[in-house]
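>>> Quick one, fold the following:
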Amino acid sequence: MDTRTDDLGPVALTSLVWGDPDDRGRPLAVLLHGFPDTAHTWRHLGPALVGAGYRVLAPFTRGYAPSGIPADRSYHVPALMHDALALHRVHGGDDRAVLVGHDWGAITANGIAASPANPYGAIVSLAVPPLSVMNPRRDDLARWLRILPRQAGLSWYTLFNQLPRLPEQRFDDLVAHLWRRWSPDHDPTEDLAHLAAAVPDEARKAAVIGYYRAQRRLRQTPARYQSLAHEWTREPRVPLLYLHGADDGCLDVRWAGRIGERLPAGSRVAVIDGAGHFLQLERPDVVNARILEHLHVGARP
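Here you go, the predicted model:
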């Protein structure tokens, strides 16, 4: 594992790198983490993809050190999409490239899957399905309503993160609590240490919490991202692999059971037993195998 920093214009992103990022003969894989997490969440998948012939970039997304705080202070989903598209361009990605996202990274990947600007040949989302397919349908309204009360209780932190300053002041307690609730059988000690290094001060904490605050202020999306502003909530245009932990304490697993028929042909949905929200860390054997199968590749000996 190495690191690489790329100046993408509004922000410089530092990525963990597996494989030779300059080997254009290998297809590119870009792995996007979520909250409250870092690029180290891909420490199992990155080597597996290298073994299958890819070169892998896992950026610390904007605001998470050692990446920069964006000059425009935008944490809107179209800004996150802009960064993923820019990494594909800067690193000479082609239609063999794969984009994998977890949590906010999944929201970003789902948005790119819905965009005509998508250059990635394959997209994988973990733990958060496309928002469009979570909407109620007339023939499925009863099931949707049964999920909603529990999901509202699980999502309390999204409202808490709208408060001024308090989320920053209680950040360490908040993230430790969320890791315990979201993946109750996973020991988060290593991951919380990585998070503490990536979010060391109040400015970084405000940046990370800013992902939640920005979505309430979509009209303030900077002009450079406006071409993507109306795409991220639309239905995917390309097949997806969607994976969800059976014991996810963040997003009710029942969402995974009602989205498959609403995804494009060729999509796959799987629930991973013995895993919570951070399924790529809890069941890397199963998650890696599912992703490699979807990409029609296998690990090299």
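
>>> Does V297 touch G53 like I think?
Yes - with contact defined as Cβ atoms under 8 Å, V297 reaches G53; the gap is 6.3 Å. From N, CA and C alone the C-beta is placed, and that goes for glycine too.

>>> Give me the common contacts of these two.
Common neighbours of V297 and G53 (criterion: Cβ atoms under 8 Å, 6 or more residues apart in numbering): none identified.

>>> Can I get stretch 58-78 in PDB, CA atoms only?
Only the C-alpha atoms of stretch 58-78 are listed here, as PDB (Å, rounded to 0.1, in the frame of the first residue of the first chain):
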ATOM      1  CA  ALA A  58      -9.100   4.600  -2.200                       C
ATOM      2  CA  PRO A  59      -9.300   8.400  -1.600                       C
ATOM      3  CA  PHE A  60      -9.800  10.100   1.700                       C
ATOM      4  CA  THR A  61     -12.900  12.000   0.500                       C
ATOM      5  CA  ARG A  62     -13.000  15.800   0.700                       C
ATOM      6  CA  GLY A  63     -12.500  17.100   4.300                       C
ATOM      7  CA  TYR A  64     -10.900  13.900   5.700                       C
ATOM      8  CA  ALA A  65      -7.100  14.300   6.300                       C
ATOM      9  CA  PRO A  66      -4.700  13.900   4.600                       C
ATOM     10  CA  SER A  67      -7.000  15.100   1.800                       C
ATOM     11  CA  GLY A  68      -7.800  18.800   1.700                       C
ATOM     12  CA  ILE A  69     -10.800  20.800   2.900                       C
ATOM     13  CA  PRO A  70     -12.300  22.000  -0.400                       C
ATOM     14  CA  ALA A  71     -11.800  25.700  -1.200                       C
ATOM     15  CA  ASP A  72     -15.500  26.000  -2.000                       C
ATOM     16  CA  ARG A  73     -16.600  24.200   1.200                       C
ATOM     17  CA  SER A  74     -19.000  22.100  -0.800                       C
ATOM     18  CA  TYR A  75     -19.900  18.700   0.500                       C
ATOM     19  CA  HIS A  76     -23.000  18.300  -1.700                       C
ATOM     20  CA  VAL A  77     -23.400  14.900  -3.400                       C
ATOM     21  CA  PRO A  78     -22.700  16.500  -6.900                       C
END
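
>>> can you tell me the average pLDDT over it?
Computed over stretch 58-78, the mean pLDDT rounds to 97.

>>> what comes up buried for it?
Using 16 or more other Cβ atoms under 10 Å as the test for burial, stretch 58-78 gives 58-65, 67-70, 72-78.

>>> Tell me where the protein has helices.
45-51, 77-90, 104-113, 141-154, 156-160, 166-169, 171-182, 189-198, 202-214, 279-282, 284-294 (DSSP state H).

>>> could you redo those helices as JSON lines and give each row distance to D20?
Listed next are these as JSON lines, based on distance: least, Cβ to Cβ, whole Å:
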{"stretch": "helix 45-51", "distance to D20": "9"}
{"stretch": "helix 77-90", "distance to D20": "15"}
{"stretch": "helix 104-113", "distance to D20": "23"}
{"stretch": "helix 141-154", "distance to D20": "41"}
{"stretch": "helix 156-160", "distance to D20": "39"}
{"stretch": "helix 166-169", "distance to D20": "39"}
{"stretch": "helix 171-182", "distance to D20": "33"}
{"stretch": "helix 189-198", "distance to D20": "24"}
{"stretch": "helix 202-214", "distance to D20": "30"}
{"stretch": "helix 279-282", "distance to D20": "23"}
{"stretch": "helix 284-294", "distance to D20": "20"}
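
>>> Comparing those helices by mean pLDDT, which bottoms out?
Lowest mean pLDDT within these: helix 141-154, a mean of 93.

>>> Distance from that one to the middle of the chain?
Centroid separation for helix 141-154 versus its chain: 23 Å, with Cα atoms, centre = their mean, to the nearest Å.

>>> Next, the residues that contact it from outside, please.
Contacts of helix 141-154 with the rest of the structure, by Cβ under 8 Å, 6+ apart, involve P136, R137, G249, C250, L251, D252, R254, W255, R258.
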